[in-house]
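Undergrad: Below are the sequence and a predicted model for it; my questions follow.
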Amino acid sequence: MVADTAVGGGTVDAVNRLTARWADATTGGTVFSAAGVWPLLAFLADGAAGAARAELSDAMGVAADQAGAAARELSALMRAMPGLNSALGLWTRRELAVREEWLAGLPADTHGVLTEDLPGSQRALDAWAAERTDGLVERMPVALDQDVLMVLASALALRTEWPRPFSELMLRPDAGPWQGRQLTGLRRTGVRLDRAGVASGPRGRVTEVKVPGDNGIDVHLLLGEQRMTPGQVLGRGVDVLARRLPVVASGQLPHGDVGPGLRVEQHRCAAPQQPELTVTTVAYDMRARHDLRELHGLFGLTTAMDSRGGHFPGISPSPLAVGQAEQSAVAQFGALGFRAGAVTAIAPGPGGSRPDLRHTTTVVTARFDRPFGFLAVHRESRLVLTAGWVTDPTPYRR
């Protein structure tokens, strides 16, 4: 459904809705970025006509006559985000005439040239991809050949560090798909019970744990009930961001097993203590490549892929159709950085009288030891920058 306006939060919501629809079409472990695809669809829609224009508009959730402005708004928002590097690139063959009014809508210093030296041009595009992603993606996902007249590309790289790092440990789940595997586990204890909570929807409950970064980018870990699909779990996470689905913080939940992987208990203690939230999860290093044409309906590319005619008269008077459309994506989650330490322990036997355990405190434990989802989110705008589903965490190495 096309939104009436693409200004302000409408653009963010449109991108996040594409994230949810893409998640619903995924199976198995993967990582992807709708925020990387959406501005390209918008600029294509700005120069498209006929059925291709309508399909791109529907896929974006924004009216085609607002697409260019929405893409520029999103690009400006992303360029201003600390911890995020983003860029847009356009390269065209010398013989392709490109309309000046369409070019004027792209960010400055975007336009480059594809020369007759295809291997040299491919190397230049690969270098652009590597430079704009800090080496995370080493190559442009499309391959140049004689049929390629233009390449429109986006790149983003985000980095954040945990103000309080996780501790590494060997994690061996005793149930589920990872049962018996020795995994690189990560554990951290804090006092903010509101960083874990449960969202309940018609398809089941989802436990959400927010891991805040030091620069305004947070990672939301999402564990659903075992019967739920990746799309259902990630979709509930997007609904939470849009405030369409409430989250009940763990400190407001009753005692016991209150959500997937989430338990609330009362512990007796000798003196008043602050509540505790202990999060145990796994490290992961994921890479994926997506051919967007395989989901042409999702991205509004069905008509645009038809090479029997031209679909972008607002871009060039020459007939153009989409021949390649791919994305390479990477996600890494860990303790972040090298840390070394030593612990010296002295363990005398009990001495003196037993303590009077007259106080209690709330202890919440969240455990992500089976496949789960994640959303990397810009905290202020709630824009999802990267999303994924973890099925193959990092093995433990001593």
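TA: Here it is on my side, so go on.

Undergrad: Reduced to three states, what does D194 come out as?
TA: helix (DSSP: H, G, I helix; E, B strand; the rest coil).

Undergrad: Begin at 4, not 1, for the rest of this chat.
TA: Done: numbering now begins at 4, and the last item shifts to D197.

Undergrad: Tell me who's in contact with the residue nearest to it when sequence neighbours are not counted.
TA: What sits nearest to D197 in space, not counting adjacent residues and going by Cβ to Cβ, 6 or more residues apart in numbering, is A252, at 4.3 Å. Backbone N, C-alpha and C define where each C-beta goes, glycine included. Counting by Cβ atoms under 8 Å, 6 or more residues apart in numbering, A252 makes contact with L196, D197, A199, G200.

Undergrad: Also A332?
TA: Counting by Cβ under 8 Å, 6+ apart, A332 touches V34, F35, S36, G39, V140, R290, A291, R292, H293, T389, G391.

Undergrad: May I have the helix or strand hosting the fourth one exported as CSV, CA atoms only?
TA: Just to be clear, that refers to G39. G39 is part of helix 37-50, with elements assigned from DSSP states H and E. The C-alpha trace of helix 37-50 is given here as CSV (Å, rounded to 0.1, in the frame of the first residue of the first chain):
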residue,chain,number,x,y,z
ALA,A,37,16.5,-3.1,3.1
ALA,A,38,18.0,0.3,3.9
GLY,A,39,20.5,-0.4,1.2
VAL,A,40,17.9,-1.4,-1.4
TRP,A,41,15.2,1.1,-0.7
PRO,A,42,16.9,4.3,-2.0
LEU,A,43,17.8,2.5,-5.3
LEU,A,44,14.2,1.5,-5.8
ALA,A,45,13.2,5.1,-5.1
PHE,A,46,15.5,6.6,-7.7
LEU,A,47,14.5,4.0,-10.2
ALA,A,48,10.8,4.8,-9.5
ASP,A,49,11.5,8.5,-10.0
GLY,A,50,12.6,7.8,-13.6
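
Undergrad: okay if I get the contacts of A252 as TSV plus distance to R97?
TA: Shown next, in TSV, are those (distance: Cβ to Cβ, whole Å):
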residue	distance to R97
L196	61
D197	57
A199	56
G200	56
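
Undergrad: ok, those residues vs P180, which is closest?
TA: Within the contacts of A252, the smallest distance to P180 is 22.5 Å, found for A199 (Cβ to Cβ).

Undergrad: leaving aside the residues next to it on the chain, what's closest to V214?
TA: V222 (4.7 Å).

Undergrad: What pairs with the helix or strand hosting that neighbour, parallel or antiparallel?
TA: Using DSSP H and E, V222 sits within strand 220-227. Strand 220-227 sits in its sheet next to strand 207-215 (antiparallel), strand 375-381 (antiparallel), going by DSSP bridges.

Undergrad: okay, the angle between the shortest one and helix 37-50?
TA: Put plainly, it is strand 375-381. Put simply, strand 375-381 runs at 60 degrees to helix 37-50, going by axes from the mean of the first three to the mean of the last three Cα atoms, to 10 degrees.

Undergrad: Downstream of strand 375-381, the next helix or strand is which one?
TA: Strand 375-381 is succeeded, C-terminally, by strand 387-393 (DSSP H and E).

Undergrad: And that following strand, what's buried?
TA: V387, L388, T389, A390, G391, W392, V393 (16 or more other Cβ atoms under 10 Å).

Undergrad: Would you check how far apart the third one and L161 are?
TA: In this structure, T389 and L161 are 7 Å apart, going by Cβ to Cβ, to the nearest Å.

Undergrad: Kindly report the same for the second one.
TA: Using Cβ to Cβ, L388 is found at 5 Å from L161.

Undergrad: joint contacts of these two?
TA: L87, I220, A379.

Undergrad: what's around the last one, how many residues?
TA: Residue crowding around A379 was assessed by other Cβ atoms under 10 Å; the count is 25.

Undergrad: Report the spatially nearest residue to it, omitting neighbours in sequence.
TA: Closest residue in space to A379, ignoring its immediate chain neighbours: T389 at 4.2 Å, by Cβ to Cβ, 6+ apart.

Undergrad: For that neighbour, give me its contacts.
TA: Neighbouring residues of T389 by Cβ under 8 Å, 6+ apart: V34, F35, S36, A38, L161, A332, A334, L378, A379.
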